[in-house]
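1. Please find the sequence and the predicted model below.
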Amino acid sequence: MMLNKRAGWLGLILALAWLASCSSSSNTSSGGSPGRNAYLTLPQANGIAAYRVDPNTGSFTNVLGSPFVGGASPISIALHPSGKFLYSANQSANNISLFNIDSTSGELTEVMPRTAVGLNPSSLAMAGGGNLLFVANETSNNISVFTVSASDGTLTQVSGSPFATGAQPVALALSPSGQFLYAASGNVALVYGYAVASGTGALAPVPGSPFVVQSPAFSMAIDPSGHFLYAANFSADTVSGMMIDSSTGALSLTSGSPFATGTSPISVAVHPSGQFLYVANEGSNNISVYAIDSTTGVTTQLTMSPFVAGTEPVFLTVDPAGKFLYVCNQSTKNISQFGINLTTGGVPTSTIATTLTLAPGEMVFAK
């Protein structure tokens, strides 16, 4: 199962000791070095790790003071497009943390009080314009929607929120246009689709919703054009590829869908070019890579795929420049870094971007 359903939380003494040791590590920086920032949730430490990422090598350097203490069990993370604000969904506390980001160093400062949401918030999605934040509340079976202040990042719940959804929404995917939001159930093999009202952020089911997939999906990804959605069918060892109707938001399976992956696919990501799909297979400890047909959304697995990852890869993401793939490995407690072949999409070799003491969660990059 995914990280928030697997890992037992360690005690406060261990978490605080680990935080102190990381903050005093020799692999730290006072900030200001070239590159972009990356942020990683650390659910067992109730913290957010922050890194400077070298744009040429992809290597990580700890931001001074990292990891930063936040709410209880931060499981999902979202970055405001301005790069000024970071949000985490605190699963055990049923609230959202807001952090201000220092533009020079990348350091985080939490803004209190935290914002209450539904029960067991499990996934965040930020609108491309930064005006709306969506929160999937797994146990209360609904989605909270907030407007975001451009000046200070504070959240205000929209009228009608939270909006009811199906059982146990565990993953969200927002179309690049911001018109359509999709929620995958962790309990039944369904994806729920919603039209997002312009201006208000209110949600209304799209025609034909919910849409059948092959098994409960713990991750979804939409290509940059907004034409295709891919859902990882964890217990079926497949991914469902679906075309998005640009007018209504309705989903329909692509030809050959669902297509085979490794064992227990748990996380999916689309390359910024829209040409390649990456799938983390938790059970087989590897990464499947596919070429995406830009017209049909049909996927073709690369000849050398799958590629070896760490033990129990639970999350993957591609850096905004499309040069590197990063994989969060739960059991080996590290992050694998793969160099991406920009012609083929392949990731034949990997290094360790950073080694952790506790299991990593989700990661996001500042653009």
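-> Sure thing, it's come through.
2. The helix or strand that contains Ile287 pairs with which strands, parallel or anti?
-> Assessed by DSSP states H and E, Ile287 sits inside strand 286-292. Next to strand 286-292 in the sheet, as set by DSSP bridges, lie strand 276-281 (antiparallel), strand 299-301 (antiparallel), strand 307-308 (antiparallel).
3. Return the most buried member of the ones you listed.
-> Among those, strand 276-281 has the highest mean neighbour count (mean count of other Cβ atoms under 10 Å), at a mean of 27. From N, CA and C alone the C-beta is placed, and that goes for glycine too.
4. quick one: contacts of that one?
-> Applying Cβ atoms under 8 Å, 6 or more residues apart in numbering, the contact partners of strand 276-281 are 221, 230, 232, 237, 239, 261-271, 287-292, 299, 306, 309, 313-316, 318, 325, 327, 340, 345, 347.
5. Restricted to helices, list the residues you listed.
-> Counting by DSSP state H, no part of the contacts of strand 276-281 is found in helices.
6. returning to what we had before: hmm, who's touching the strand holding Ile287?
-> By Cβ under 8 Å, 6+ apart, strand 286-292 touches 223, 228, 259, 261-262, 265, 270, 274-281, 298-302, 305-309, 313, 316, 325, 327, 338, 344-347.
7. Show me the shaky parts of the chain.
-> 1-35 (pLDDT under 70).
8. Please enumerate the helices of it.
-> 3-6, 12-23.
9. Give me the buried subset of the contacts of strand 276-281.
-> 221, 230, 232, 237, 239, 261-262, 264-271, 287-292, 299, 306, 309, 313-316, 318, 325, 327, 340, 345, 347 (16 or more other Cβ atoms under 10 Å).
10. What is the end-to-end distance of stretch 145-159?
-> 9 Å (Cα to Cα, to the nearest Å).
11. Which strand in the protein has the most residues?
-> strand 108-116 (DSSP state E).
12. Who are the packing partners of it?
-> strand 68-69, strand 95-101 (3 or more Cβ pairs under 8 Å, 6 or more residues apart in numbering; DSSP states H and E).
13. Can you tell me which of the ones you listed is most buried?
-> Highest mean neighbour count among the helices and strands packed on strand 108-116 (mean count of other Cβ under 10 Å): strand 95-101, a mean of 22.
14. Would you mind getting the angle between that one and strand 108-116?
-> 150 degrees (axes from the mean of the first three to the mean of the last three Cα atoms, to 10 degrees).
15. show me what contacts the residue lying closest to Ala171 once chain neighbours are set aside?
-> In this structure, Ala171 finds its nearest non-sequential neighbour in Ala184, 4.3 Å apart by Cβ to Cβ, 6 or more residues apart in numbering. Contact analysis of Ala184 by Cβ under 8 Å, 6+ apart lists 169-173, 190-192, 213, 216-220, 231.
16. quick one: buried residues of the longest strand of the chain?
-> Leu108, Glu110, Arg114, Thr115.
17. how much space is there between Leu316 and Gly361?
-> Separation of Leu316 from Gly361 (Cβ to Cβ, to the nearest Å): 12 Å.
18. The contacts of Ala184 in strands, which ones?
-> 169-173, 190-192, 217-220, 231.
19. Would you show me how to pick out the buried ones of those in PyMOL?
-> What follows is the PyMOL syntax for the buried subset of these, where burial is set by 16+ other Cβ under 10 Å:
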select buried, resi 169+170+171+172+173+190+191+192+217+218+219+220+231
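20. Make JSON lines from the helices and strands packed on strand 108-116 and add distance to Phe134 to it.
-> Listed next are these as JSON lines, based on distance: least, Cβ to Cβ, whole Å:
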{"stretch": "strand 68-69", "distance to Phe134": "24"}
{"stretch": "strand 95-101", "distance to Phe134": "11"}
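21. Out of the ones you listed, which is closest to Ser198?
-> strand 95-101 (23.3 Å; Cβ to Cβ).
22. Which elements pack onto the closest one?
-> Using 3+ Cβ pairs under 8 Å, 6+ apart: strand 95-101 touches strand 85-90, strand 108-116, strand 121-126.
23. For Phe365, which of these is the nearest?
-> strand 85-90 (11.5 Å).
24. Identify the residues contacting that closest one?
-> Taking Cβ under 8 Å, 6+ apart as the rule, strand 85-90 contacts 39, 41, 48, 70-80, 96-101, 108, 114, 117, 121-124, 126, 133, 135, 148, 153, 364.
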